[in-house]
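Asks: Please work out how this folds:
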Amino acid sequence: MDFQTSLLDPVRPSARQRRFLVLFLCSWPTDYLKRVDRGLTEPLALYEKIKGGLRIVALDSEAAQAGINLGQSLVDARALVPALVVREINRPLLEAGFADFADWHSNASPMVAVMQDVSRFGDLVLDITGVDHLFGGEHAMLRMLLTRLRLLGYTVAGAIAPTIGSAWAVSHFSRSQVVEAEGLVALLDALPVHALRLNEQQVATLTQMGLTTIGQLRQRPRKPLQARFGLSLLSRLDQAYGVIEERMVPRLPVAEDHVERRFADPIALMDDVLACAHDLAIQLAYRLEAQGKGAQAFHLFLYRVDHKVMSFSVNSARLTRDPEHITKLFSNRSERLSGEYDAGFGIDMIRLAASSLAALDASQLGAFAVEEGTEDLDQLNDRMASRLGAMAVLRTQMVASHIPERAARLVPTQAGKPVMASAQSLSRPVRLLPVPEYVAINAEVPDGLPASMIWRRQQYRLVKGAGPERLEAEWWRFAERLELVPPPEPKEPEPGDKLDPPLYIADLPLHEPEARARDYYQVEDEDGRRFWVFRLGFYGGPTMPSWYLHGFFP
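Replies: Below you'll find the predicted structure:
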């Protein structure tokens, strides 16, 4: 990108195609606490320890009208307003509450995100592209969202604009309005530079340079600005005007298709929720069938009257639109989460969404239908996974490796069909030990078949044997730890979630690319038990070879 280029046409055609709505709740911490605790009727302020002193970091409109300012010391604030109620700010509580608040706004747009670049609570962005017609247009949609939040007791401002940066700037530093692409440049040029979401040091430096508005900053040469402020300033400037795209990360799964139902009277029982989910699954199946598609991921959103959302997600191993199967998945999922289900004061809307869509042809039913049984097996695995958890139902997947302990791994049954690496023409034991165990072997000649074996302090007299089958080390691999089950991705638990017990992960040894060759033998003792043993190394070498037991034949 040439940073010497001036912004002649800031709003590109791609930016005109999208519309974003930003809601700015300037008093979210205090408004939220007052909704939670109805006993807070006096002016409220929140403080935090900053650089060894207690400073005001949030306040409501009554405290602001009384002359209290953000950053003011707690002692001065109490002296100014004796009736002031002060509490220490609880950021994790506020962040969790604002996350639930953001999810609730998915009833207006399926793509909702929290703008965490400035603060983890206070700013919401909604991608309303193609959604505003459901509310009678952008002006009606903005008016409806602002009105319902103000009726709930929140101080809020909002704006709709072609870019996220411009909508944020207008909502913070101008009146609530809908900004069209044609008037974007003139409106942004008049706003202060702080509207670009810059840090305090950047704003202070720009003010010292006499650059107080975005328009003045936009006319300056870009090369000196980049050298002095770095790329972040120019990126914020280009994002606001739509020269480069700023993407949002939605909190909830983005659905490619959905159906929903609103209730005149809220419901609360899980049986009622599942009955509604079954009806919605039938509606969704008709829509997917008309499109010739199926889905592998389904999401059930329960919108509570206290402005919170509960979501249940289930997956299918193969594409499906069978409403009975979808309902059973959610039924099993609800049994697993029955202890965590809380309808609050009731549920006034339920949405069933589908994602991971792909083409799915109609299946043959009747006398000429061919039933392989694989679909029934996949549905059984889906139901067990939804009830027990995805990592509780595993299957074997072959891996492109000739080392026995690397030739297969365990993966969730819903992770797609296992891919066979290569056909194994040689016989392999049904049971493999996770780690080969040392055994003492006696042979009539050094390189001959084993005659007896001592394993776990028990002696076995071997009467038959076949081999050897030589397996060399995989010289192209790096040293890495063997994994039977891939470890789960770390994630921070949501407030109130119960921590699941850690999965069992075998402590397998590191792979040694320079390991010696193995000579495998199939041996049988006098009682008919068959073992798979191997010799590591060769006789006559610098070190004596050692024998290991690796598996058992049926």
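
Asks: which residues touch the residue of the chain positioned farthest from its centre?
Replies: Each residue of the chain has a distance to the centre, and by C-alpha atoms, centre = their mean the biggest one is for residue 444: 60.8 Å. Applying C-beta atoms under 8 Å, 6 or more residues apart in numbering to residue 444 gives the contacts residue 451. (Each C-beta comes from the backbone N, C-alpha and C, glycine too.)

Asks: neighbours of residue 456, just the number please.
Replies: 8 (other C-beta atoms under 10 Å).

Asks: Relative to residue 429, how far out is it?
Replies: 17 Å (C-beta to C-beta, to the nearest Å).

Asks: what do you get for residue 361?
Replies: 41 Å.

Asks: Looking at those two now, which is surrounded by more residues?
Replies: residue 429 (17 against 8).

Asks: Identify the residues contacting the residue nearest to that one when sequence neighbours are not counted.
Replies: Nearest non-adjacent residue to residue 429, counting by C-beta to C-beta, 6 or more residues apart in numbering: residue 551, 3.3 Å away. With contacts defined as C-beta under 8 Å, 6+ apart, residue 551 is in contact with 404, 428, 429, 430, 431, 432, 433, 531, 532.

Asks: Can I take it that the last one is in a helix?
Replies: No - secondary structure of residue 532, determined by DSSP: H, G, I helix; E, B strand; the rest coil: strand, with no helix assignment.

Asks: Next one, pLDDT for it please.
Replies: Reading off the confidence values, residue 532 has pLDDT 94.

Asks: Any buried residues in the longest helix along the chain, and which?
Replies: If you go by DSSP state H, the chain has its longest helix at helix 270-291. Residues of helix 270-291 classed as buried by neighbour count (16 or more other C-beta atoms under 10 Å): 270, 273, 274, 276, 277, 278, 280, 281, 284, 285, 288.

Asks: What of stretch 309-324?
Replies: 309-310, 312-321, 323.

Asks: same deal with stretch 167-185?
Replies: Within stretch 167-185, the residues that count as buried by 16+ other C-beta under 10 Å are 167-174, 176-179, 181, 184-185.

Asks: what about the spatially closest residue to residue 103 that is not a sequence neighbour, distance to residue 334?
Replies: The shortest distance from residue 103 to any non-neighbouring residue, by C-beta to C-beta, 6+ apart, is to residue 309 (4.0 Å). Separation of residue 309 from residue 334 (C-beta to C-beta): 16 Å.

Asks: Same check on residue 167?
Replies: In terms of C-beta to C-beta, residue 167 sits 38 Å off from residue 334.

Asks: Next: residue 405.
Replies: 39 Å.

Asks: still on that earlier bit, A helix includes the residue nearest to residue 429, no?
Replies: No - with three-state DSSP as the criterion, residue 551 is assigned strand and is not in a helix.

Asks: Can you tell me how far it is from residue 531?
Replies: Taken as C-beta to C-beta, the span from residue 551 to residue 531 is 7 Å.

Asks: Hmm, residue 70 is touching residue 60, no?
Replies: No - Residue 70 is beyond contact range of residue 60, at 11.9 Å (criterion: C-beta atoms under 8 Å).

Asks: Show me this protein divided up by domain.
Replies: With domains defined by automatic domain parsing, the chain comprises 13-241, 257-362+373-385, 430-553.

Asks: Pull out the buried residues from the one helix or strand residue 232 maps to.
Replies: Using DSSP states H and E, residue 232 maps to helix 231-241. Buried residues in helix 231-241, defined by neighbour count with 16+ other C-beta under 10 Å: 233, 234, 235, 236, 237, 238, 239, 240, 241.

Asks: Same check on stretch 329-348?
Replies: Buried, per 16+ other C-beta under 10 Å, within stretch 329-348: 329, 330, 331, 332, 333, 334, 343, 347, 348.

Asks: If we ignore the residues flanking it in sequence, what's nearest the first one?
Replies: With C-beta to C-beta, 6+ apart as the criterion, residue 329 has its nearest non-adjacent residue at 4.1 Å, and that residue is residue 314.
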